[in-house]
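[1] Below are the sequence and a predicted model for it; my questions follow.
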Amino acid sequence: MEYRQIQTIGGKGNAPGQFATSLRGLAVDAHGQLYAAGDSEIKLYDAAGRLKRRWSTARPVLSVAVAADGAVYAGQLRQIEIFDAAGKLIDTWRDETLLGRVTSIGFVKDGVLAGDAADRAIRHFDRNGKLRNTIGKDNPVNGLLIPNGVVDFAVDAHGVIHAANPGKHRVERYLPTGELLGHIGRFHGTDPAGFGGCCNPTNVAVRDRIYVTEKAGPRAKVYDFDGNLQAVIASPAFDPNCKNMSVAVDGRGVVYVADTVKLAIFVFQPVNV
Amino acid sequence: MSEPVSRRDLLHNVVRGGVLATLGGGALFLVKKANGQVVWQVDAARCVNSRLGDTGAEACKLCTTQCVVALSAVRAVNEHSKCGRCSICPAYFNITSAVDEKGLPSEKLCPRDAITRKPIGKADPEDPANNFYEYIIDEEKCDGCGKCVMKCKEPLGLGSIVLRVRYDKCVNCNRCAISRSCPKDALHQIPLEQALRPPELRPRTE
């Protein structure tokens, strides 16, 4: 598989569609609309990359996810804000302990998952925000190994959680109950099929395949569910110093990657589409 | 000329854990020095090996080659509070060397084998990745070449390893030979009381 860059969205600046200081999270809804979490705002772009709507969050936003009903969840320090599709605040979950630093959010059939980087774990809540269990801590190092300070995961169509464990150079598979099913990935400093450096991959998305991003050098990669490398997206557009690049994929297989230094969203399309 | 430091203030500074961790034996040596004295120090934000943004550059070795002290008074220091304690540390391993049967790089990075590591807590014999590791730099072996510093800096690492002047080894030349050759003007004289502060609390030189 090969990809080509077809678009750049956002960028550093003070225009409505740009980001002033941070770009941390991406999500795509069922209609192909792109949600970006940056600064203290959620920005909504249509499928053509035009800014459609934006609204403020109470604190600098660290992650974003869109539920099947259109509700938008915004992860922050010690809280998650929940907005309706129009950007109206409908609820706030606050917890000093369970939501220390919410760097990713996802959904299973009847629950909400929140990656808490402060505790190196994933929280599993019911739809009312009541904790069911914690995922990723039942191991000798008491959590995911995240020297980069970000817990990131994605949920596949079967409800399996794929969590980046960069210190182990793996993407691990968990059931919502917390049971570890297995992993893909291994360390390798030169083979692109492996994950290099101290701690990669940093971010993950799942749709028909597993999509990850790495730091130093920054790139996105595509794997099948058996861990076989399918594609490397190593664009010269990425700033070499960026890390923790959020990644999202739409129903067409178009890949969105957040450059955390240039504060831009790079859009890549498979060449066979 | 800086203000004299009272004995009480000096002792207060010295007992600060972060300072001791950073300066090691050098902290005790500093206490013995006269008040008001200036000492040389490396500004990590300027040093080629640790400043952000110079990705892909080769390590600068001028601290090793220019210092008048044998083996150099500049040595690498691991600030443990910043260290990720990674299983595969790019400052410890040559991460592009062949991978061994345990899935680890087969070569170390330091040419003088000055960095050692040990697992924190009970080691997992089956999976080296299932541990945090403490990385210790032997300052008697380190010659300040900066290779580990370059590999530790962000975004590849976390920037916990930096070069520091070891005050118990520095002879405090009026015109430091390293400072005269440093391409980034990263060596500066700072008052003794500043040297006793944690690096993040020192005034920036730019």
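    Received, thanks.
[2] which SS class is B:Glu140?
    coil (DSSP: H, G, I helix; E, B strand; the rest coil).
[3] Which residues of chain B lie near chain A?
    By C-beta under 8 Å from any C-beta of the partner chain, the residues of chain B that approach chain A are B:52-53, B:55-56, B:84-90, B:94-97, B:99, B:103-105, B:121-122, B:124, B:129-132, B:154-158. Where you see a C-beta, it was placed from the backbone N, CA and C, and this is true even at glycine.
[4] List buried members of those by neighbour count.
    B:55, B:84-90, B:94-95, B:99, B:103-105, B:129-132, B:154-158 (16 or more other C-beta atoms under 10 Å in any protein chain shown).
[5] now, which of those lie within strands?
    B:Phe132 (DSSP state E).
[6] Excluding sequence neighbours, find me the nearest residue to the residue in chain B positioned nearest to chain A.
    Per C-beta to the nearest C-beta, B:Gly84 is where chain B lies closest to chain A, at 3.0 Å. Computed as C-beta to C-beta, 6 or more residues apart in numbering or on different chains, the closest residue to B:Gly84 that is not its neighbour in sequence is A:Pro147, at 3.0 Å.
[7] do the same with A:Ala216
    The nearest residue in space to A:Ala216 (C-beta to C-beta, 6+ apart) is B:Leu156, at 4.0 Å.
[8] contacting residues around A:Val150?
    A:103-104, A:115, A:117, A:202-203, A:244 (C-beta atoms under 8 Å, 6 or more residues apart in numbering or on different chains).
[9] Show me where the chain dips below the pLDDT cut-off.
    Since you didn't name a chain, this refers to chain A. A:273 (pLDDT under 70).
[10] my bad, chain B
    B:1-36, B:55-56, B:199-206.
[11] Can you show me the helices along it?
    B:7-14, B:17-23, B:25-31, B:62-66, B:147-152, B:177-181, B:192-195 (DSSP state H).
[12] And for chain A?
    Here chain A has no helices by DSSP H.
[13] So B:Asn131 is in contact with B:Lys118, correct?
    No: the pair B:Asn131 / B:Lys118 is not scored as a contact, 9.4 Å apart, by C-beta atoms under 8 Å.
[14] What are the neighbouring residues in contact with the residue in the stretch 101-250 of chain A positioned nearest to chain B?
    Here the residue of the stretch 101-250 of chain A nearest chain B is A:Pro147; by C-beta to the nearest C-beta that distance is 3.0 Å. For A:Pro147, the contact set (C-beta under 8 Å, 6+ apart) comprises A:166-167, A:198-199, B:84-86, B:158.
[15] So it versus A:His183, what's the distance?
    Distance, A:Pro147 to A:His183, using C-beta to C-beta, to the nearest Å: 18 Å.
[16] Kindly report the same for A:Gly159.
    17 Å.
[17] For the stretch 51-200 of chain A, which residues are neighbours of chain B?
    Counting by C-beta under 8 Å from any C-beta, the stretch 51-200 of chain A sits next to chain B at A:139-141, A:145, A:147, A:167-170, A:186-190, A:194, A:196-199.
[18] just to revisit the earlier point, show the backbone phi and psi for the residue of chain B closest to chain A.
    phi -80, psi -10 (degrees, to the nearest 10).
[19] Pretty sure it sits against B:Gly157.
    Yes: the pair B:Gly84 / B:Gly157 is scored as a contact, 7.2 Å apart, by C-beta under 8 Å.
[20] residues touching the nearest residue to A:Gly251 once chain neighbours are set aside, list them.
    Spatial nearest neighbour of A:Gly251, excluding adjacent residues (C-beta to C-beta, 6+ apart): A:Gly32 at 6.4 Å. Counting by C-beta under 8 Å, 6+ apart, A:Gly32 touches A:47, A:250-252.
[21] Likewise for B:Pro105?
    Applying C-beta under 8 Å, 6+ apart, the residues near B:Pro105 are A:187, A:189, B:88, B:93-99.
[22] Could you list everything the residue nearest to A:Thr177 when sequence neighbours are not counted pairs with in the sheet?
    Leaving aside its chain neighbours, A:Thr177 sits nearest to A:Asn133 (6.4 Å; criterion: C-beta to C-beta, 6+ apart). Note on A:Asn133: beta-bridge partners by DSSP bridges are A:His124.
[23] In contact with A:Asn133, which residues?
    Counting by C-beta under 8 Å, 6+ apart, A:Asn133 has contacts A:124, A:176-178.
[24] Could I have the buried ones of those as ChimeraX selection syntax?
    The following ChimeraX line selects those of those that are buried, judged by 16+ other C-beta under 10 Å:
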select /A:124,176,178
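[25] Need the residue closest to the centroid of chain B.
    Residue closest to the average C-alpha location in chain B (C-alpha atoms, centre = their mean): B:Val77, at 2.6 Å.
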